[in-house]
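A.B. asks: Just need the structure, nothing else, for what follows:
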Amino acid sequence: MASRYWVLGTADWTAINTANWSATSGGAGGETVPTTSDDVFFDANSGGGNPALGVGYAAQCHDFSCLTGAPTLIGSSGSLNISGSFDNSGKKLIIFNSPIIFNATTSETITWYSGTTLNALISASITFDGVGGVWTSQIAAFVDAMTLTNGTFDANNFNVSLTDVTTGRFSSSNSNTRVLTMGSGIWTLSGTGTVWDTSTSTNLTLNANTSQIRLTNSSATARTVTCNSAPINHLHIKAGSGTA
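C.D. replies: Numbers count the residues shown, from 1 in each chain. Predicted structure coming up:
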């Protein structure tokens with residue numbers, strides 16, 4: 001396992017770009033591209049501009065950290081695959097059109113953001129897909145959408161806001177072993193269509209606890225909540241001209 005720090009500002013994170021990776025904060029570039037065993041850091045010494053995921057590239061790392069002074073991260077395609085913990089305590093905007101995939105098979109923590117609430121600070125869909133993986137929130141989540149494919153997600157009594165006005169949905173509809181612990185927080189679903197989908201609930205343990213689900217999109221487009229045998233707790237629907 002090694003540490004990899006982004007340096008020298010705007011460039012694409014690709015399979016062959018070694019120029020922007022250093023072994024130390026603000027150090028010389030030229031280190032190897034991060035693998036699933038390497039911890040990645042973006043910080044105040046990462047340089048100006050907006051680092052981006054390479055087109056179609058499936059970036060990999062172990063722990064991923066955006067620290068104080070880090071640049072905004074963007075990605076028009078590709079994906080970011082994290083096999084460890086996630087720390088956005090630097091309060092940076094992360095804008096990806098492709099998913100951030102958490103694929104750990106161990107217990108990990110997620111610090112979405114530490115500070116004032118922002119709308120979709122992490123503008124990306126989130127997928128949890130690690131057999132045996134356990135991810136525990138350390139702060140409220142503000143992301144576009146969320147899918148639980150494998151493993152356990154524990155909201156840890158924090159709020160979860162799925163903020164995209166079209167795709168802001170939660171889905172966990174398969175037969176893999178999954179655990180969702182919602183806690184006492186408010187789950188805000190801003191999308192349309194099937195905004196909550198546990199229609200295939202085989203091997204799903206859903207701990208609704210005292211959570212609330214709020215549907216906040218008041219457009220004329222229908223919203224559907226499909227629970228099957230995984231019942232939720234409180235459901236609040238914002239009235240509009242559509243149906244839910």
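A.B. asks: Considering only helices and strands, which part of the chain has the lowest mean pLDDT?
C.D. replies: strand 94-96 (a mean of 80; mean pLDDT, DSSP states H and E).
A.B. asks: what lines up beside that strand in the sheet?
C.D. replies: strand 73-75 (parallel), strand 122-137 (parallel) (DSSP bridges).
A.B. asks: which one of those strands has the lowest average pLDDT?
C.D. replies: Note on these: strand 73-75 shows the lowest mean pLDDT, a mean of 85.
A.B. asks: so what's the spatially most central residue of the chain up against?
C.D. replies: Residue closest to the average C-alpha location in the chain (Cα atoms, centre = their mean): residue 126, at 3.6 Å. Residues in contact with residue 126 (Cβ atoms under 8 Å, 6 or more residues apart in numbering) are 99, 100, 102, 141, 143, 144, 145, 146, 147. C-betas here are computed from N, CA, C, even on glycine.
A.B. asks: and the gap between it and residue 143?
C.D. replies: In this view, residue 126 and residue 143 are 5 Å apart by Cβ to Cβ, to the nearest Å.
A.B. asks: got it, and residue 8?
C.D. replies: To residue 143, residue 8 is 29 Å away according to Cβ to Cβ.
A.B. asks: Pick out whichever of those two has more residues nearby.
C.D. replies: When residue 8 and residue 143 are compared for neighbours, residue 143 comes out ahead with 22 against 18, by other Cβ atoms under 10 Å.
A.B. asks: and the more buried one, what helix or strand is that in?
C.D. replies: If you go by DSSP states H and E, residue 143 is part of strand 141-154.
A.B. asks: and of the contacts of residue 126, the nearest to residue 222?
C.D. replies: Among these, residue 145 lies closest to residue 222 (Cβ to Cβ), at 17.5 Å.
A.B. asks: and the nearest residue in space to that closest one that is not next to it in sequence, what does it touch?
C.D. replies: Take residue 145 and drop its neighbours on the chain: the residue closest to it by Cβ to Cβ, 6 or more residues apart in numbering is residue 125, 4.2 Å away. Residue 125 makes contacts with 98, 99, 100, 143, 144, 145, 146, 147, 167, as judged by Cβ under 8 Å, 6+ apart.
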